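K.L.:
this one's sequence-less:
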């Protein structure tokens, strides 16, 4: 009976896929890596939230307005967990299968080990020692492989939840538009515009502003028109040495032209810019981004941090330094798609 189970277990192990999830899910998970890269070497840049449908059963359905969906347990809300299940509907099935297979392989290993002791002690009823050693090895490898696959799939789920939670936090951040002075949230721009967050100190924002609103070369500066055509909203974020977000609009409006800036006009960028509102919320949301950049040796104040958010609300890329406008605008439609991708709700 044990030998039959061992053969079956080996067969199942051989049939297990090398990945616990599909390549599409793997690619999605890889995009959540919170690494920053310097824009001086764009080849090293790392590209880093589908609302669950409502149940037709009105007696048990949890509607999006239900406050229970926003209650946190285990660090994440029920709404975020439901969204993760929608994105990876078979993750729990795989976890159950791999977990059960791990337990079964460990049970078989236990009995195989007993047979090994019996064979080593010279019991007449014990199978040959060579066979028991082989069975122990098969069951041990099966247990390790199944446990590793279960752990990797569980870890992928945690990464996906972190990405969804981060996307939701970004969507709730409030901004005021530079041209019409409309108060809105970043979530209102989903499926409409891509968002480029550019955070840094006063000098960083000064260079950023002058690159948009002055003709620094012989030709006329067309970056504002390029951003508008590419559906890009720029959100500059002023931070201090502690990483706290300050009065960005006042800093932006206070930028003055310098030598070499022609036709300087700070209001030229108003149609494609918005400024943070609720500085404490912005500080809390971006704190982890700044800490990650500092741990990797980047000077956030002087070099700055840029976060590119796709139309579907997912983070496309994190980088440091001033945006490389030519490469950024030229590759945006390719990286994000001409009309964006179906995205998540808030």
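P.N.:
Good, I have the coordinates. As the structure is a computational prediction, the values presented were derived from the model and not from experiment.

K.L.:
now the helices for the stretch 1-150 of the chain?
P.N.:
2-15, 23-30, 78-87, 91-121, 129-171 (DSSP state H, counting those that start in this stretch).

K.L.:
Could you dump the ones you listed into JSON lines and include distance to residue 232 and mean pLDDT?
P.N.:
To be clear about C-beta, it is placed using only N, CA and C from the backbone, and glycine gets the same treatment. Putting the helices of the stretch 1-150 of the chain into JSON lines (distance: least, CB to CB, whole Å; pLDDT from 0 to 100) gives the following:
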{"stretch": "helix 2-15", "distance to residue 232": "47", "mean pLDDT": "43"}
{"stretch": "helix 23-30", "distance to residue 232": "23", "mean pLDDT": "38"}
{"stretch": "helix 78-87", "distance to residue 232": "26", "mean pLDDT": "77"}
{"stretch": "helix 91-121", "distance to residue 232": "34", "mean pLDDT": "92"}
{"stretch": "helix 129-171", "distance to residue 232": "16", "mean pLDDT": "90"}
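
K.L.:
For the residue lying closest to residue 139 once chain neighbours are set aside, give me its contacts.
P.N.:
Nearest non-adjacent residue to residue 139, counting by CB to CB, 6 or more residues apart in numbering: residue 109, 3.9 Å away. The contact partners of residue 109, taken as CB atoms under 8 Å, 6 or more residues apart in numbering, are 136, 139-140, 143.

K.L.:
can you pick the most crowded of those residues?
P.N.:
residue 139 (26 neighbours; other CB atoms under 10 Å).

K.L.:
so how far is residue 130 from that residue?
P.N.:
15 Å (CB to CB, to the nearest Å).

K.L.:
all strands for the stretch 201-346 of the chain, in order.
P.N.:
Along the stretch 201-346 of the chain, the segments classed as strands by DSSP state E, counting those that start in this stretch run 232-238, 274-277, 305-309, 315-320.

K.L.:
Show me what the last one is packed up against.
P.N.:
In other words, strand 315-320. Counting contacts by 3 or more CB pairs under 8 Å, 6 or more residues apart in numbering; DSSP states H and E, strand 315-320 is packed against helix 129-171, strand 305-309, helix 325-336.

K.L.:
who wins for proximity to residue 224 among the ones you listed?
P.N.:
Closest to residue 224 of these, according to CB to CB: helix 325-336, at 10.4 Å.

K.L.:
What residues of that closest one count as buried?
P.N.:
328-329, 332, 336 (16 or more other CB atoms under 10 Å).

K.L.:
by how many degrees do that helix and strand 305-309 diverge?
P.N.:
Relative orientation of helix 325-336 and strand 305-309, computed by axes from the mean of the first three to the mean of the last three CA atoms, to 10 degrees: 40 degrees.

K.L.:
and for helix 325-336, what are the contacting residues?
P.N.:
Applying CB under 8 Å, 6+ apart, the contact partners of helix 325-336 are 42, 47, 194, 196, 211, 223, 226-227, 230, 232, 308, 310-311, 316-317.

K.L.:
quick one: buried residues of stretch 112-125?
P.N.:
The neighbour-count check on stretch 112-125 (16+ other CB under 10 Å) flags 112, 115-116, 118-119 as buried.
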